[in-house]
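S.K.: next comes the sequence, and after it the predicted model I'd like to discuss.
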Protein chains: 6
Amino acid sequence: MPYVNIKVTNEGVTSEQKAELIAGVTDLLEKVLNKNPATTFVVIDEVETDNWGIAGEQVTLLRERAKE
Amino acid sequence: MPYVNIKVTNEGVTSEQKAELIAGVTDLLEKVLNKNPATTFVVIDEVETDNWGIAGEQVTLLRERAKE
Amino acid sequence: MPYVNIKVTNEGVTSEQKAELIAGVTDLLEKVLNKNPATTFVVIDEVETDNWGIAGEQVTLLRERAKE
Amino acid sequence: MPYVNIKVTNEGVTSEQKAELIAGVTDLLEKVLNKNPATTFVVIDEVETDNWGIAGEQVTLLRERAKE
Amino acid sequence: MPYVNIKVTNEGVTSEQKAELIAGVTDLLEKVLNKNPATTFVVIDEVETDNWGIAGEQVTLLRERAKE
Amino acid sequence: MPYVNIKVTNEGVTSEQKAELIAGVTDLLEKVLNKNPATTFVVIDEVETDNWGIAGEQVTLLRERAKE
């Protein structure tokens, strides 16, 4: 009965990509730990780039700088 | 000083239902563990059905199938 | 398919008390939101008092002061 | 490689304040534990006042009462 | 810069299995969302069976019943 | 009433360092967002290096390699 939480920045993840993440993580837990898919939960959180910091800065700034 | 996080799918939970969950969990922690309600936090997260997976599939698909 | 995480300080919670918390939260979600107990997860984390802060101080200190 | 999650109520936190929180937490972890800022993540969650409970009540109610 | 948290019951997960989970999730995020492995974090929590509830009961009880 | 969760690897964090993190984060939230320290919670999780992955590998391996 695993519970998996995936946090990524909110930058256009499609429903199809979410379905792939859910299927992929569920398969991995069955393959590696023999966990039953029926009781495997996967929750995806999409976090605004203003709300995610790395290296002391908002991801929003990193993205702007990368475009320059 | 307990901290409780409740994650449910975002399917029309009303403000009254949220109030019931908050009161109910706070009472339970006082009754079972004698925790002071004044420092009991409850945070409810409502997760889109596209972002919640069970049995390797998005809840969105389970809901559509249930309607058929 | 709710997921509930309860964090309390690690101060002698018994297995029976954990069972009461699990049963109580699961019942509450069924009563308030009609959630199926079969797919309701409850995870309890017991946190050392040195690792929990409130009002800028470790709970360990609060407990020592309360004994004086 | 610390991971820090800050949850606050959704009551008008500005992008500048988020940047201050991210910079401040990252600095603190470098100062206290010598953690490399390059691999320090900070994620801020803004929670609706209806979804945050304290003392068994929604923060929304506490705010209304404080205005009276 | 994804952050993934995997919670499983504490029932003898080996270091090799943890390494497989970490590698598998990191690969999946690169494949599906083109996320850079260098800034992908995976944190595995092993939860005591007394502290994990499903269907209103501790997993400890489910395991005992399964042995009978 | 903020809630802050700090996850670091379990590599000898002292009680004094935990106290500094708790005080520092609580001060930061008061300074930046005017949050009341009395209802600011900080929870520190120490994660085994085998259970923390970055760049697809366990931190345990990164530490061993760094010693060579």
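M.R.: Looks like it arrived, so ask away.

S.K.: CA atoms for contacts and neighbours, from now on please.
M.R.: OK.

S.K.: what segments of chain A are helices?
M.R.: Ranges of helices in chain A, per DSSP state H, are A:15-33, A:59-67.

S.K.: most packed of those?
M.R.: Stretch with highest mean neighbour count among the helices of chain A: helix A:15-33 (a mean of 19; mean count of other C-alpha atoms under 10 Å in any protein chain shown).

S.K.: for it, give me every contacting residue.
M.R.: A:2, A:35-37, A:40-42, A:44, B:50-51, B:53-58, E:13, E:17, E:20-21, E:24-25, E:28-29, E:32-33 (C-alpha atoms under 8 Å, 6 or more residues apart in numbering or on different chains).

S.K.: rerun that using 6 Å as the cut-off
M.R.: Helix A:15-33 has contacts (C-alpha atoms under 6 Å, 6 or more residues apart in numbering or on different chains) with A:Lys35, A:Pro37, B:Gly53, B:Gly56.

S.K.: quick one, that helix and helix B:59-67 angle?
M.R.: 100 degrees (axes from the mean of the first three to the mean of the last three C-alpha atoms, to 10 degrees).

S.K.: let me know the average pLDDT across helix A:15-33.
M.R.: This predicted structure assigns helix A:15-33 an average pLDDT of 98.

S.K.: contacts only, for A:Lys35.
M.R.: Shown in contact with A:Lys35 (C-alpha under 6 Å, 6+ apart): A:Leu29.

S.K.: how near is A:Thr39 to A:Gln17?
M.R.: Distance of A:Thr39 to A:Gln17, computed by C-alpha to C-alpha, to the nearest Å: 21 Å.

S.K.: tabulate the helices of chain A in CSV, adding columns for distance to D:Glu64.
M.R.: Below are the helices of chain A laid out as CSV (distance: least, C-alpha to C-alpha, whole Å):
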stretch, distance to D:Glu64
helix A:15-33, 38
helix A:59-67, 34
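
S.K.: burial of A:Thr14, as a residue count?
M.R.: A:Thr14: 11 surrounding residues under other C-alpha atoms under 10 Å in any protein chain shown.

S.K.: that one and D:Arg63, how far apart?
M.R.: Counting by C-alpha to C-alpha, the gap from A:Thr14 to D:Arg63 is 37 Å.

S.K.: before we move on, the earlier item: from the contacts of helix A:15-33, which land in strands?
M.R.: B:Gly53 (DSSP state E).

S.K.: relative to chain E, which of the contacts of helix A:15-33 is nearest.
M.R.: Comparing the contacts of helix A:15-33 against chain E with C-alpha to the nearest C-alpha places A:Lys35 closest, at 9.2 Å.

S.K.: for that closest one, what are phi and psi?
M.R.: As for A:Lys35, its main-chain torsions (degrees, to the nearest 10) stand at phi -80, psi 140.

S.K.: ok, it to F:Asn51 distance?
M.R.: Here the criterion is C-alpha to C-alpha. By it, A:Lys35 lies 18 Å from F:Asn51.

S.K.: try A:Leu21
M.R.: To F:Asn51, A:Leu21 is 21 Å away according to C-alpha to C-alpha.

S.K.: next one: A:Thr14
M.R.: To F:Asn51, A:Thr14 is 29 Å away according to C-alpha to C-alpha.

S.K.: check A:Ser15 too.
M.R.: Applying C-alpha to C-alpha to A:Ser15 and F:Asn51 gives a distance of 29 Å.

S.K.: ok, A:Leu28 next?
M.R.: 16 Å.

S.K.: and what of A:Thr40?
M.R.: For A:Thr40, the distance to F:Asn51 equals 19 Å [C-alpha to C-alpha].

S.K.: how many neighbours does A:Thr39 have?
M.R.: As a burial measure, A:Thr39 scores 20 neighbours (other C-alpha under 10 Å).
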